[in-house]
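Enquirer: predicted structure and sequence below. I'll ask about it afterward.
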Amino acid sequence: MKVNNICCIGAGYVGGPTMAVIALNCPKINVTVVDSNPNKIRAWNGDLEKLPVFEPGLKEIIKKVRNKNLFFSADIDKNIDLSEMIFMAVNTPTKESGEGAGMAADLKYVEACARNIAKVAKSDKIVVEKSTLPVRTAEKIKEILDSEGNDVNFEILSNPEFLAEGTAIQDLFKSDRVLIGSDSTKTAKSAAKSLIEIYSSWIPKEKILTTNVWSSELSKLASNAMLAQRISSINSFSAICEKTGADIKELSKAIGLDRRIGPKFLEPSVGFGGSCFQKDILNLVYLCKHYGLYEVAEYWHQVVKINDYQKNRFTQKIIDNLDGEIKQKKIVILGWAFKSNSNDSRESASIYVSDKLLSLDAKVYVFDPLIKKTQVILDLKKLWKKKLLVKKDIDRMLKNLEFTNDPQETILNRTSAVAIITGWNDFKKYDWNKIINQSNNKILIFDGRNILPMKHKRILKI
Ligand code: NAD
Ligand code: UGA
């Protein structure tokens, strides 16, 4: 099928950047990103400095292609109808209620998309799963798409996204691989060919991998599980290092030099955050249990459990080093984003660390170069709602939560501890010697990313 018009449902961290890169590389195709949240669409159409997603290099691409062949629209139905190819890039969070709550992926947004497409489509469509989905979701989507009985043929492709936030544009331009899963029927193969053609505009052919649909869906979950597993592995070693005097940085280097292991994803941290690792692994655990693979489920569950352990271990270290009493002690949190170069704070370790400190009545000051006070409060309130906290406790904790735009000045003013949670480059450049000296050697700095170049007894590495 010749693709002249693409519609992408979901204008988030995946939909926005992915479609911008397709539009830039395929100038003859009109790409429209739609979303059920009109504020998001407004923001994508607004000031380039205030796009809903911050990614290095993104605003420059948007500037080039917006309103040329890349459009952002709230008119979902019209754009489904107009397009030959529809990407579903909606969120698939962990289910909050019902069967599988707390583990399974909530497919309500994906199913809503499929229902919408089935209702609106008047001509044949290629429907592309861009969201991360449990293996065999395509079956469910096909059922929904065919339920209208409107004589439209739908071909479903799985094309999971592997970009990482903070490097999304670079990842999209130079993908390690593009994965396309399809059925083996003639029409499905032809649909896959249409998608291959699009990616071939900038991705070398040998990097475009075709598989069956289930392999493609499962490869995405498996990739995230393997990446997260490396982080939990290195973090588990950071705990052993602390007990034994081994140095985790030296350990990480020594392990990574083995070419069979490789150096990437061996940076110890306060624990991985982000919207995907935890939810995708929990989803994998749920799937394993569904298939009766209890030992496999437990194996992967440990990756998330070690991550929780690491966040708790870091926080407890702060408390213990402040003599077990942090009431009204001033603690500055450096970084709220789940990683540097991103404005995304979903599942950031900073939320969990701050929650624990606030619950013990510490005075918590937060700074992040990209994340605003309103988002910090939203993140904490979301967690508190999940923990069923009552208003009285929430108000007490919020009273102890402060924000600063001048972190160095704030730190210099009677701070007991600093917790570096996000690896923002700027944090390395602070005058840490001045900070330590001015505090009469009383301040403690907990470097949750091991980013500070110097050694000092007041700097506690992860
Ligand atoms: P997101 O929350 O940033 O964006 C999803 C968007 O979909 C939201 O703006 C929401 O309003 C919209 N939406 C939901 N239901 C809709 C509907 N029925 N109609 C129209 N719009 C609807 O999510 P994201 O981070 O972009 O992730 C999307 C998917 O991609 C998830 O499955 C995720 O696991 C996967 N993924 C994410 C990343 C990442 O780095 N964030 C990377 C790879 C894969
Ligand atoms: C991750 C994967 O890397 C992407 O391939 C995948 O597409 C994406 O999830 C997804 O499915 O959403 P992302 O979460 O954006 O990407 O960012 P990562 O670079 O993987 O970092 C995740 C978390 O792990 C961050 O909190 C990061 O700081 C932490 N991390 C990463 C470590 O603690 N140590 C490391 O060595 C690497």
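Expert: On my side now, so go ahead. Ligands and ions are numbered 1, 2, ... in the order given.
Enquirer: which positions in the protein make contact with ligand 2?
Expert: Within the chain, the positions lying close to ligand 2 (CB under 6 Å from any ligand atom) are 132, 161-165, 224, 227, 231, 265-267, 269, 272-274, 276-277, 338-339. For every residue, glycine as well, the C-beta is placed using N, CA and C.
Enquirer: against ligand 1, which of those residues make the cut? List them.
Expert: Answer for the residues of the chain next to ligand 2 near ligand 1 (CB under 6 Å from any ligand atom): 132, 161, 163, 165, 276.
Enquirer: and the two most separated of those residues?
Expert: Greatest spatial distance among those (CB to CB): Thr132 and Glu165, at 13.7 Å.
Enquirer: now that we have the ones next to ligand 1 among the residues of the chain next to ligand 2, which one has the most neighbours?
Expert: Among these, the one with the most neighbours (other CB atoms under 10 Å) is Cys276, at 26 neighbours.
Enquirer: around ligand 1, pick out the residues from the protein.
Expert: 9-15, 35-37, 40, 76, 89-92, 109, 112-113, 131-132, 161, 163, 165, 275-276.
Enquirer: tell me which residue in the stretch 351-462 of the chain sits closest to ligand 2.
Expert: Gly423 (6.7 Å; CB to the nearest ligand atom).
Enquirer: can you tell me what sits against the strand or helix carrying Leu383?
Expert: For Leu383, the host element (DSSP states H and E) is helix 373-386. Contact with helix 373-386 is made by 336, 345-346, 348, 351-352, 354-355, 358, 366, 368, 393-394, 397-398, 401, 403, as judged by CB atoms under 8 Å, 6 or more residues apart in numbering.
Enquirer: so which of those sit within helices?
Expert: 351-352, 354-355, 358, 393-394, 397-398 (DSSP state H).
Enquirer: could you give me the buried positions within the helix or strand that contains Lys243?
Expert: For Lys243, the host element (DSSP H and E) is helix 213-244. For helix 213-244, the neighbour count (16 or more other CB atoms under 10 Å) marks 213, 216-221, 223-225, 227-232, 234-239, 241 as buried.
Enquirer: go on, stretch 374-385?
Expert: Neighbour-count burial for stretch 374-385 flags 375-376, 379-380, 384 (criterion: 16+ other CB under 10 Å).
Enquirer: now the buried members of the contacts of helix 373-386.
Expert: 336, 345-346, 348, 351-352, 354-355, 358, 366, 368, 394, 397, 401, 403.
Enquirer: quick one: low-confidence ranges for this protein?
Expert: The model of the chain has no residue with pLDDT under 70.
Enquirer: okay, now the residue in the chain that ligand 1 sits nearest to: neighbour count?
Expert: Closest to ligand 1 within the chain is Gly12: 1.9 Å, counting by CB to the nearest ligand atom. Gly12 has 20 neighbouring residues, counting by other CB under 10 Å.
Enquirer: ok, now the one 5 residues further on?
Expert: Close neighbours of Pro17, defined as other CB under 10 Å, add up to 25.
Enquirer: and it, what helix or strand is that in?
Expert: helix 15-25.
Enquirer: on that earlier part again, take the buried residues of stretch 374-385 and lay them out in CSV including distance to Lys140.
Expert: CSV is the format used below for the buried residues of stretch 374-385 (distance: CB to CB, whole Å):
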residue, distance to Lys140
Gln375, 33
Val376, 37
Asp379, 31
Leu380, 35
Trp384, 34
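Enquirer: most widely separated two among the residues you listed?
Expert: Gln375 and Trp384 (14.9 Å).
Enquirer: now do the SS call for Val71.
Expert: One thing to correct before we go on: residue 71 is Phe, not Val. strand (DSSP: H, G, I helix; E, B strand; the rest coil).
Enquirer: which one is Asn224 nearest to, not counting chain neighbours?
Expert: Among residues not flanking Asn224 along the chain, Asp280 sits closest, at 4.4 Å (CB to CB, 6 or more residues apart in numbering).
Enquirer: report the separation between that neighbour and Val304.
Expert: 10 Å (CB to CB, to the nearest Å).
Enquirer: mutual contacts of those two, please.
Expert: Counting by CB under 8 Å, 6+ apart, the residues touching both Asp280 and Val304 are Ala228.
Enquirer: please say which of the two ends up with more neighbours.
Expert: Counted by other CB under 10 Å, Asp280 and Val304 do not tie: Asp280 has more neighbours, with 26 against 21.
Enquirer: now the strand or helix carrying the more buried one - C-alpha only, PDB.
Expert: Following DSSP H and E, one finds Asp280 within helix 277-290. Output in PDB follows, covering the C-alpha atoms of helix 277-290 (Å, rounded to 0.1, in the frame of the first residue of the first chain):
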ATOM      1  CA  PHE A 277      11.400  -0.500  33.100                       C
ATOM      2  CA  GLN A 278       9.400  -1.200  36.200                       C
ATOM      3  CA  LYS A 279       6.000  -1.400  34.400                       C
ATOM      4  CA  ASP A 280       7.400  -3.600  31.600                       C
ATOM      5  CA  ILE A 281       9.100  -6.000  34.000                       C
ATOM      6  CA  LEU A 282       6.000  -6.300  36.200                       C
ATOM      7  CA  ASN A 283       4.000  -6.900  33.100                       C
ATOM      8  CA  LEU A 284       6.500  -9.700  32.100                       C
ATOM      9  CA  VAL A 285       6.200 -11.200  35.600                       C
ATOM     10  CA  TYR A 286       2.400 -11.200  35.200                       C
ATOM     11  CA  LEU A 287       2.700 -12.800  31.800                       C
ATOM     12  CA  CYS A 288       5.000 -15.500  33.100                       C
ATOM     13  CA  LYS A 289       2.600 -16.300  35.900                       C
ATOM     14  CA  HIS A 290      -0.300 -16.400  33.400                       C
END
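Enquirer: compute the inter-axis angle for that helix and helix 213-244.
Expert: Angular relation of helix 277-290 and helix 213-244 on a 0 to 180 degree scale: 120 degrees, by axes from the mean of the first three to the mean of the last three CA atoms, to 10 degrees.
Enquirer: flag every buried residue along the very next helix or strand once past helix 277-290.
Expert: The first helix or strand that comes after helix 277-290 along the chain, using DSSP H and E, is helix 294-321. The neighbour-count check on helix 294-321 (16+ other CB under 10 Å) flags 297, 300-301, 303-304, 306-307, 309-311, 313-315, 317-319 as buried.
Enquirer: likewise stretch 21-41?
Expert: Applying 16+ other CB under 10 Å to stretch 21-41 flags 21-26, 29-36, 40-41 as buried.
Enquirer: list just the nearest of these to ligand 2.
Expert: Nearest member of these to ligand 2, counting by CB to the nearest ligand atom, is Val21, at 14.2 Å.
Enquirer: quick check: that closest one vs His301, distance?
Expert: 35 Å.
Enquirer: circling back to that earlier point, what's the helix or strand for the residue of the chain closest to ligand 1?
Expert: Counting by DSSP H and E, Gly12 is found in no helix or strand.
Enquirer: and it, what does it touch?
Expert: 35, 40, 52-53, 89-91.
Enquirer: in a markdown table: those, plus distance to Arg449.
Expert: What follows is the contacts of Gly12, written out as a markdown table (distance: CB to CB, whole Å):
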| residue | distance to Arg449 |
| --- | --- |
| Asp35 | 33 |
| Lys40 | 30 |
| Pro52 | 26 |
| Val53 | 23 |
| Ala89 | 30 |
| Val90 | 31 |
| Asn91 | 27 |
